[in-house]
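Trainee: got a predicted structure here, sequence first:
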Amino acid sequence: MHIEHHPLVHDFPELRAELHALRQSDPAFARLAEEYEALDKRICRVEDGVEVLADDALSALKQQRVELKDRVASRLKPATTCCGCCQG
């Protein structure tokens with residue numbers, strides 16, 4: 001069975017440029033993105049059967065992945081929202 005990875009550029013395709021720019025300009029964001037993608041790869045290894053992990057531990061990793069993605073999304077949101085100057 002093929003397990004699909006969830007890289008950030010796949011989850012936020014419309015924000016590819018913003019993701020790249022933040023990774024280059026913000027070391028904290030770069031670490032957050034790297035942590036997310038390393039965790040995603042580990043989850044995929046477990047789901048592929050390459051790494052063994054109890055179901056409850058896998059569920060905890062998946063919850064952690066969701067929380068990391070939420071943190072990434074919240075960091076991306078300010079970079080993509082209007083400053084308010086265009087609201088007549």
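Mentor: Cool, got the structure.
Trainee: state the mean pLDDT of the biggest helix by length in the chain.
Mentor: The longest helix of the chain (DSSP state H) is helix 55-80. Across helix 55-80, the average pLDDT comes to 91.
Trainee: stretch 9-21 too?
Mentor: Mean predicted confidence for stretch 9-21 is 92.
Trainee: so how far is it from its chain's centroid?
Mentor: Stretch 9-21 has its C-alpha centroid displaced from the chain centroid by 10 Å (Cα atoms, centre = their mean, to the nearest Å).
Trainee: and for stretch 6-25?
Mentor: The answer for stretch 6-25 is 9 Å, by Cα atoms, centre = their mean.
Trainee: and the end-to-end length of that stretch?
Mentor: End-to-end distance of stretch 6-25 (Cα to Cα, to the nearest Å): 23 Å.
Trainee: coming back round to it: which elements pack onto the longest helix of the chain?
Mentor: helix 8-11, helix 16-25, helix 27-48 (3 or more Cβ pairs under 8 Å, 6 or more residues apart in numbering; DSSP states H and E). Using the backbone N, CA and C atoms, a C-beta is placed for each residue, glycine as well.
Trainee: identify each buried residue in that helix, please.
Mentor: Leu58, Leu61, Arg65, Leu68, Lys69, Val72, Arg75, Leu76 (16 or more other Cβ atoms under 10 Å).
Trainee: my guess is Ile43 meets Ala60, correct?
Mentor: No. With contacts counted by Cβ atoms under 8 Å, Ile43 stays clear of Ala60, the gap being 10.5 Å.
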